[in-house]
Structure formats: structure tokens, C-alpha cells
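Engineer: structure, please.
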Amino acid sequence: MTKVERILAAINFAKVDRVPKGEFNLDDNFVAKLLGLKNHVRFEDRVEACERCGLDAVAFGLGNEPGNQTGLWHELKRWREETDFFIFALIDGPFQGTAKLFSSFTNYLLAIAQGDPIIPELVQQVAATNLELGLNALALGAHGLIIADDIAYNGGTFVSPAALRLNFFPSIREQVKELQHEEVPVFFHADGDLRKVLNDIINSGINGLHSLDFQSLEEISEVRKATEDRVCLMGGYDLGWFEEEKRIERAYNLLEVTAKGGGYIFGSSAGILGSGQTPQNVLEVYRYVKNY
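Structural biologist: Prediction:
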């Protein structure tokens, strides 16, 4: 199977020749350590690092300013034209995107809690911007999109589920619907404990859920059962596990929970491998996953 075929098969719960793997990004510091580079990291080095890790998918964050994307557009286009990776484009979700319009996150949360009428207006503006970015990314060759919306932390959602359902989930559903008219997969990314709004996320129409940033495998198993045959999962391997002696056991236990029956893409819960990870440990884990 090609990388693109492997990712699409996982998304569609079809048979794969091996568990597909994907990260948003390999930080240049990580690439330099992996390849033993002393000079500036080039495009070719980033591609080689992804190949060594056996990745099938990569992603490009596009921010939320359609008029200021020249460098990112060029990079995305080059990866599509010169490599065979499945390419996701990352765009802000309504919660995360609207937060950027406030002077502080605290002021933003207060505005939501107080029912400030400006919130629905701003959400609508952000959604329109995100949709434009997503369509532009698809026109340049992205195979799929990830709506990144960090609505939660380890203790639950930043605002009440009721506030999310009132102000933000309708926008997510509309965004997913419009983007899927292009016949591409749309994933949702969020860190933290999403269990209280998991059904809302599933019912938004998404094809996949990224991060799986939960406190235990039991919680990830709970999410797997809720999304079984409906939503592809991606991520779940904590960055800290790469540095543990039991890193292979960690990978095995995660795969036993997530990969049986398909619908899973292996990767870190953060989506970014950086200077905190030992390259040889990362390669060891990824080689194990390849042979799982």
C-alpha cells in the first residue's frame, strides 16, 4: 500500500498492511539530532527524518490569517509535489480561533461565562476564515484537514459542555459539513479530557479524532468503544513514554486498545516530536509499531 492508501484505509476502517503512523511535525532540533546534522535543516532533511520514522502522514499548521500564508502554502505544495506522504492541513476551530481575538484567555472565558453577545459574532467570523483557509489548503494539494480546537485540559473542558454546545459545536458541525463537500477526511484535534462532550464531537460528522491525551489506557479504551466503526483515532502515545524503559510495552498496550479492527493511526498525543525525545528511542518504538 502507498502511504496515502494506508491512511485512507485506516480512516475507512478497511484492511491495512500495517498500522499507519503520523505526526504533525518533527521539530528541526529533533531532525538535526536524528540525522546528526550541524548545519541548517533543509527540506530534504525533514523528508528523510519522516521516512526514517516510517511516517505515513504529516500536517501543516496554517494559522488563521488567509492573506499571510505564502511560506506555508509553498511548503505544503512542495511536500505534495515532491513526496508521497498523506498531507493534513491544520486549521483553527471556533473555540481556539476566537480565543486569539481576546487580550487574555481569562477575559475570553469570562466573556463566554457572562454570555457576551460578541461571542457568536466572533465565532461566525472565525469559522468563515477557517473555511477559506481549509479550501485554499485543499486546492494546493492537502489530502485532509484537521480542525484544531483545544477545548479541554486534563480536568475537563475549559467552559461548560452547555456553553460549548450553545456557542461552538454548531460551528464545528457546519465547518465539517462544508469541508466534506470536497470529499476529503476531516479530523478534530483537542488535548485533554473530552469524555463529557465526546458524543458532541462524534456527532459533528468528523472522520477522525486526534490526540487521545487521556490519563490512562482505560480512558482511551472508553473512547475507542464510543467511536468504534465510526471515527478513526490518531495519537495516544505520550511523549514521556519514549524515554521510559518500558516504551515498547507502552506501545504494545496502546495498540491492543486502539488498533484491533482498524480505524487507528499511531502517533504521539502531542503530534510534535522535539528536542525532548531521544531519536533512537523514537525509532525503536516506530519500528516496533511497523512490525506489530
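
Engineer: output the lengthiest strand in the chain as CSV, nothing but the C-alphas.
Structural biologist: Here the longest strand in the chain is taken by residue count, with DSSP state E as the criterion, and it is strand 86-92. As requested, the backbone C-alpha atoms of strand 86-92 are provided in CSV (Å, rounded to 0.1, in the frame of the first residue of the first chain):
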residue,chain,number,x,y,z
PHE,A,86,-0.6,11.9,3.3
ILE,A,87,-0.8,15.6,4.0
PHE,A,88,-3.1,17.1,6.6
ALA,A,89,-3.7,20.9,6.8
LEU,A,90,-4.3,22.2,10.4
ILE,A,91,-6.9,25.0,10.8
ASP,A,92,-8.2,26.6,13.9
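
Engineer: pull up the pairing partners for that strand, direction included.
Structural biologist: strand 57-61 (parallel), strand 144-148 (parallel) (DSSP bridges).

Engineer: out of the ones you listed, flag the one nearest Arg46.
Structural biologist: Arg46 lies closest, by Cβ to Cβ, to one member of the strands paired with strand 86-92: strand 57-61, at 8.8 Å. For glycine as for every other residue, the C-beta is placed from the backbone atoms N, C-alpha and C.

Engineer: in contact with Gly155, which residues?
Structural biologist: By Cβ atoms under 8 Å, 6 or more residues apart in numbering, the contact list for Gly155 reads 192-193.

Engineer: name the nearest residue to Gly22, sequence neighbours excluded.
Structural biologist: The shortest distance from Gly22 to any residue other than its chain neighbours is 3.1 Å, reached at Ala57 (Cβ to Cβ, 6 or more residues apart in numbering).

Engineer: ugh, wrong one, Arg78
Structural biologist: On the basis of Cβ to Cβ, 6+ apart, the spatially nearest residue to Arg78 that is not a chain neighbour turns out to be Phe43, at 6.7 Å.
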